[in-house]
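Visitor: got a predicted structure plus its sequence, pasted below:
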Amino acid sequence: MEWRPDKQLDIPIYQQIANYIQKRIAYGEYPPGTILPSERKLAKELEVNRATIVTAYDVLYSNGMIERIKGSGTRVHSDVWGLTRSRVPNWDLYVERGSFLPNLPLFQQIRDEVLEKNLINFASGELASDLMPTKMFKEILSKNDFQQSLGYDHPQGNLELRNSLVAHLKTHKHIDCSSQSILITSGAQQALYLVAQCLLEKGDAIAYEDPSYAHSLPIFRTMGLKTFKLPVNEDGMNPEDIIKLHQKHNIKMLFLNPIFQNPTGTILPIEKRKRVLEITNELGIPVVEDDPYSLISFSEEIDTSSLKSIDETGSVLYISSFSKIAASGLRIGWIIGPDKIIQRLADAKQQIDFGHSIFPQWLASEYIQSHYFDQNLKSLKALLTEKRNILISSLKEELTSELSFHVPEGGIHIWCSLHGDVNEFHLLEESLRNGVAFVPGSLFGSEKGYIRLTFGRVDSHLISEGVQRLKRAFVKLKK
């Protein structure tokens, strides 16, 4: 056999072998009844261990491609084409064949560990249940009659919600827009997906911050986009880097999170925000601004003006949601942009899901029109400030020799630089054993040696214990 499995591929060796044999059967090179090599013989030919061949044959057997005849060995099924029996689809092949890429495996592992085990959670980028306005929602539901139609709504989202957002954005974020320029989405994630799918094409060059949440999104890799990074320091990214990247790569779009950036927690100074718009207007590059955190500033003195609020040419596509200021489970996000763009995105969203569910839209509209919104926002900022301070105090007390960090003035993340030659993946592995979870910085595109600790999801009384467990993981790695 001339073919050999490729040990450099991400596909398991046994699966490569099963796929190869299945293709030979499909091409008629192994007709029904063909005796296949014994497990030992094939293992020797392919230079793999026998257990690998056993597993490959198990896959083919479960798919109905082969049969095992006692005393005769393994052969291609006599009814492989299903003339007298049904065949089970090879779902492994279908999973691998799909064009939509999965999340990074480590993100999947962290998610599964957090869901399945009772971990202290510094990993999840959401609010804890005690920070969500659950009681306020109950009061809204008890005092207001739901009288909306339960049929399909407007492709751009419920008009009442969009009108409520117009007032909300004007009051709280100083953004002037109309209901016609807003599309309601299933959170900010869907908004990013629609923008990438509808406004870009394979081979286009985009730029985003480094590190950045955008780096972890499989959307860009699925589409075959060329991605380039804008390094972030404690003062945010350097707008002049946009010019250099555009000259080299003809950047088609920027993805920025300038206010309390995820994962670093930094804020781009207002002078730099203005310079970003000057440069992008000169070059004709649209900016996608992801702004989940600007309303949860811990200081009234910080200028949290979004790019969109100072955008005079309509070059900024603005994305935000209720996930970080109310409840992630509402799945209410929105995107603001030129009418033509919003109509294009709305058409695509309608093809995907026929529009957003009316009930959470109604509840969100009632919420932001009520006094509950400002009341909860004030409480939220106070509680998040408390959580941040507890985490900072615990880190200074327990881990000053192990890491350093930037103190964020808003948002829910603390970005930590590890001291010495510490492998953040080994640290995560040991931390999970100790019952605490975080996200390695490399998953956000940064260089090795960083971790992100999120204080929005973890209960306040568990923060100090979580840091102590993290400290034990550091100690274990040093042994």
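Guide: Cool, the structure landed.
Visitor: so where is this protein shaky, pLDDT-wise?
Guide: Residues of the chain that meet the criterion pLDDT under 70 lie in 1, 80-99, 101, 103-105.
Visitor: mind giving me the domain split of it?
Guide: The record's domain split for the chain, according to automatic domain parsing, is 13-97, 105-125+375-478, 146-370.
Visitor: now tabulate those in TSV and tack on distance to P5.
Guide: For the C-beta atoms, the positions are set from N, CA and C on the backbone; glycine is no exception. Converted to TSV, those look like this (distance: least, CB to CB, whole Å):
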stretch	distance to P5
domain 13-97	4
domain 105-125+375-478	20
domain 146-370	24
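Visitor: export those domains to JSON lines and tack on mean neighbour count and distance to T134?
Guide: Shown next, in JSON lines, are the domains of the chain (neighbours: other CB atoms under 10 Å; distance: least, CB to CB, whole Å):
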{"stretch": "domain 13-97", "mean neighbour count": "15", "distance to T134": "37"}
{"stretch": "domain 105-125+375-478", "mean neighbour count": "18", "distance to T134": "10"}
{"stretch": "domain 146-370", "mean neighbour count": "19", "distance to T134": "8"}
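Visitor: which one of these lies closest to W3?
Guide: domain 13-97 (5.9 Å; CB to CB).
Visitor: could I have the CA atoms of stretch 253-261 written out in PDB?
Guide: As requested, C-alpha coordinates have been extracted for stretch 253-261 and formatted as PDB (Å, rounded to 0.1, in the frame of the first residue of the first chain):
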ATOM      1  CA  MET A 253     -12.400  46.500   7.500                       C
ATOM      2  CA  LEU A 254     -11.300  47.200  11.100                       C
ATOM      3  CA  PHE A 255     -12.800  45.400  14.100                       C
ATOM      4  CA  LEU A 256     -12.200  47.400  17.300                       C
ATOM      5  CA  ASN A 257     -13.300  47.300  20.900                       C
ATOM      6  CA  PRO A 258     -12.000  50.700  22.100                       C
ATOM      7  CA  ILE A 259     -13.800  51.000  25.500                       C
ATOM      8  CA  PHE A 260     -12.600  48.600  28.300                       C
ATOM      9  CA  GLN A 261     -11.300  46.300  25.700                       C
END
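Visitor: looking at this, D10 is in a helix?
Guide: No - inclusion of D10 in a helix is not indicated when DSSP: H, G, I helix; E, B strand; the rest coil is applied; the result is coil.
Visitor: count of residues packed around it?
Guide: The local packing count at D10 equals 7, with neighbours defined by other CB atoms under 10 Å.
Visitor: same check, this time on F137
Guide: By the criterion of other CB under 10 Å, F137 has 19 neighbours.
Visitor: where do the helices sit along the stretch 101-250 of the chain?
Guide: Assigned by DSSP state H, counting those that start in this stretch, the stretch 101-250 of the chain shows helices spanning 105-116, 134-143, 159-173, 187-199, 218-223, 240-249.
Visitor: doesn't L403 make contact with I414?
Guide: No - contact criterion CB atoms under 8 Å: I414 and L403 do not qualify, at 9.9 Å.
Visitor: now do the shared contacts for those two.
Guide: In the contact map built from CB atoms under 8 Å, 6 or more residues apart in numbering, the residues linked to both I414 and L403 are L395.
Visitor: now do the helices in the stretch 301-450 of the chain.
Guide: In the stretch 301-450 of the chain, helices defined by DSSP H, counting those that start in this stretch lie at 339-353, 358-369, 372-398, 424-433, listed in chain order.
Visitor: which one of the helices of the stretch 101-250 of the chain lies nearest to D311?
Guide: Checking these against D311 by CB to CB gives helix 159-173 as the closest, at 11.9 Å.
Visitor: outside of the closest one, which residues touch it?
Guide: Under the criterion CB under 8 Å, 6+ apart, external residues in contact with helix 159-173 comprise 148, 156, 175-179, 182, 184, 291, 294-295, 306, 308-309, 332, 334, 336, 361-362, 364-365, 368-369, 373.
Visitor: tell me which of the residues you listed fall in strands.
Guide: Using DSSP state E, 182, 184, 334, 336 are the members of the contacts of helix 159-173 that sit in strands.
Visitor: tell me the residue furthest from the middle of this protein?
Guide: The C-alpha centroid of the chain is most remote from G71, which lies 52.6 Å away (CA atoms, centre = their mean).
Visitor: surely that residue is in a helix?
Guide: No - counting by three-state DSSP, G71 falls outside a helix, being coil.
Visitor: of all the helices of the stretch 301-450 of the chain, which one comes closest to M136?
Guide: The closest approach between M136 and any of the helices of the stretch 301-450 of the chain, judged by CB to CB, belongs to helix 372-398 at 4.2 Å.
Visitor: what is that closest one packed up against?
Guide: Using 3 or more CB pairs under 8 Å, 6 or more residues apart in numbering; DSSP states H and E as the contact criterion, the elements in contact with helix 372-398 are helix 134-143, strand 403-405, strand 413-418, helix 463-478.
Visitor: nearest to M65, of the ones in strands among the contacts of helix 159-173?
Guide: Taking CB to CB as the measure, M65 sits nearest to I184 out of those, at 47.2 Å.
Visitor: now the closest residue in space to that closest one that isn't next to it in sequence: how far from A364?
Guide: Setting aside the residues directly before and after it, I184 is nearest to G157 in space (CB to CB, 6 or more residues apart in numbering), at 2.7 Å. Spatial separation of G157 from A364 under the definition CB to CB, to the nearest Å is 10 Å.
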